[in-house]
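Enquirer: This is a predicted model, with the sequence first.
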Amino acid sequence: MKQYWRLSGFFVVFVLLVACQAQTAPQVPETESGQNSQNEHTFVVPTPTDDAGVVVGQLLTPGPGGRPYIATLYLATFVHPQGNADAPPLISFSEETSLKGVQDPTTGRFYFENVPPGKYAIIIWTPVVSMPLRDADSNTEITFEVKAGEVTDLGVIAIP
């Protein structure tokens, strides 16, 4: 019985050490030279082109002092069933063909570049489920329009 408590104590200490290590400061991304640097910030939002736009925003957990929410993001397009413009649109995306977002793991800021003009939604992708980004207050899908030559700023989005 004494050995059981000793093993249990080691297990608890191990779990606490692992949990504390997960709470350490985020890693600083590598710069182009391959060096990590606290002074260099590598997250640079691209400039839109004459025939494409850029979408930017920031994902945070809700509440004061929200922490960065890191996810795999895809840009989804709207399609009308069977080409019927009167029918409600569906959100469509593919891991192979949809634009994939770039996200800064230290701040939660993200961008999509070279976005053709049109109406879009952002998909949060996981191996288990993919879902459209939803507004935390209204619980509705966040949709937006992109125009060529412009930056569409979605601002801070709270992810519950």
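Expert: Structure received. Numbering: from 1, shown residues only.

Enquirer: Tell me which helix or strand in the chain has the weakest average pLDDT.
Expert: Lowest on mean pLDDT, DSSP states H and E among the helices and strands of the chain sits helix 2-22, with a mean of 42.

Enquirer: Quick one: name whatever helix or strand follows that one.
Expert: strand 53-60 (DSSP states H and E).

Enquirer: who touches that next one?
Expert: With Cβ atoms under 8 Å, 6 or more residues apart in numbering as the test, strand 53-60 has contacts from 45-48, 66-71, 75, 103, 107-117, 120, 122, 144, 146-159. Every residue, glycine included, has its C-beta placed from N, CA and C.

Enquirer: Which of those fall in strands?
Expert: Under the assignment DSSP state E, the contacts of strand 53-60 contribute 75, 103, 109-115, 120, 122, 144, 146, 151-158 to strands.

Enquirer: Show me just the buried residues among those.
Expert: Neighbour counting over the ones in strands among the contacts of strand 53-60 (16 or more other Cβ atoms under 10 Å) leaves 75, 103, 109-113, 115, 120, 122, 146, 152, 157 as the buried ones.

Enquirer: How about the spatially most central residue of the chain: what's its closest non-neighbour residue?
Expert: By Cα atoms, centre = their mean, the mean C-alpha position of the chain lies nearest to Ala71, the distance being 4.1 Å. Residue nearest to Ala71 in three dimensions, not counting chain neighbours: Ile124, with 4.7 Å by Cβ to Cβ, 6 or more residues apart in numbering.

Enquirer: No more questions from me, cheers.
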